[in-house]
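J.: Build me a model:
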Amino acid sequence: MKEDLKSVTIDADLKEYMINNKKILMGFVSGKALREKTNDIPNKPNTRDFMGNVNKYVPEMKKTLRNKPELFLYMNNGIHIIAESYIRNEDGTITVFFKKGQGIFNGIHTENVQETDGKPNSYVILVIYFDVPEEEIVDIIVAKNSSTPTKEISRGKKLERYEWVKKILPDYPIKYKESDKYDLDIATILHIAGIYQVNERTHRFVNKDYRKFQSYLRNKGDVVKKHNDGKLNLE
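T.: Purely as a prediction, here's the structure:
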């Protein structure tokens, strides 16, 4: 029922394509149209939701919008959205419907700066994907936002893989997402926990051998990924 979905109406020049039997809307939208849309586009899937306002490119995007708005289209990768359905309205606008967990999964900072500083001639690419399997959304958004160094940390946060750490260290100031202001991040906690891995058969430390331990210390990111994938039990 569309009554149970969140809707956003926007004036954008979008065409429908069928790719692998799934609908995709693709086209262009202006900063003016983003400012005038009826509601905020949900941001639930976006990994950069965990980064707060920390993004070194935001000042540059605002500078481009201020001085050369017509060039923004060429200098930006666009806004990518997962949605449930859409309708075309008689006035030429498009109303997009979202279920819980859907929304912008790449380009949230682009959308934010266009919404506040966009101009009628500051266009941006807009792509809306439909019929995306819910179980694939986490991996899709992580891959799409792979430039962020905290992609695996953000993925683990979305998968709720750190709840056991919160239970063991409920009052300890741990950085679970980029916007947290603490010095100790969850990747370091997992790395430390991994040092004390015990082989279930031999009951000895897994990384007891010097070379194994040396290799383990060099691969913090790999530890986080294996933990998030359930391939490494650190509890």
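J.: count of neighbours near the nearest residue to residue 97 once chain neighbours are set aside?
T.: Among residues not flanking residue 97 along the chain, residue 5 sits closest, at 4.1 Å (C-beta to C-beta, 6 or more residues apart in numbering). Backbone N, C-alpha and C define where each C-beta goes, glycine included. Counted with other C-beta atoms under 10 Å, residues neighbouring residue 5 total 15.
J.: wouldn't residue 110 be in contact with residue 81 here?
T.: No: when contacts are counted by C-beta atoms under 8 Å, residue 110 is not listed as touching residue 81 (11.5 Å).
J.: after the lowest-mean-pLDDT helix or strand in the chain, next one along is what?
T.: Every helix and strand in the chain was compared by mean pLDDT, DSSP states H and E; the lowest is helix 210-217, with a mean of 61. The first helix or strand that comes after helix 210-217 along the chain, using DSSP states H and E, is helix 220-228.
J.: Break the protein into its domains for me.
T.: Using automatic domain parsing, the domain parsing of the chain gives 2-140, 149-228.
J.: Mind putting those domains into a markdown table with distance to residue 234?
T.: Compiled in a markdown table, the domains of the chain are given as follows (distance: least, C-beta to C-beta, whole Å):
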| stretch | distance to residue 234 |
| --- | --- |
| domain 2-140 | 20 |
| domain 149-228 | 4 |
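J.: The ones you listed: lowest mean pLDDT?
T.: The weakest mean pLDDT among these belongs to domain 149-228, with a mean of 73.
J.: check contacts around the residue in the chain sticking out farthest from the centre.
T.: Seen from the C-alpha centroid of the chain, the residue lying at the greatest distance (C-alpha atoms, centre = their mean) is residue 202, 40.7 Å away. Contact analysis of residue 202 by C-beta atoms under 8 Å, 6 or more residues apart in numbering lists nothing.
J.: now swap in residue 75 and tell me
T.: Residue 75 touches residue 64, counting by C-beta under 8 Å, 6+ apart.
J.: all helices of this structure, in order?
T.: Per DSSP state H, the chain carries helices over the ranges 31-36, 58-67, 72-75, 108-117, 137-144, 151-158, 163-168, 186-195, 210-217, 220-228.
J.: could these go into JSON lines alongside distance to residue 17?
T.: Shown next, in JSON lines, are the helices of the chain (distance: least, C-beta to C-beta, whole Å):
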{"stretch": "helix 31-36", "distance to residue 17": "21"}
{"stretch": "helix 58-67", "distance to residue 17": "27"}
{"stretch": "helix 72-75", "distance to residue 17": "20"}
{"stretch": "helix 108-117", "distance to residue 17": "21"}
{"stretch": "helix 137-144", "distance to residue 17": "18"}
{"stretch": "helix 151-158", "distance to residue 17": "28"}
{"stretch": "helix 163-168", "distance to residue 17": "40"}
{"stretch": "helix 186-195", "distance to residue 17": "39"}
{"stretch": "helix 210-217", "distance to residue 17": "46"}
{"stretch": "helix 220-228", "distance to residue 17": "33"}
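J.: What residues of stretch 11-31 count as buried?
T.: Judged by neighbour count (16 or more other C-beta atoms under 10 Å), stretch 11-31 contains these buried residues: 11-12, 14, 24-26, 29-31.
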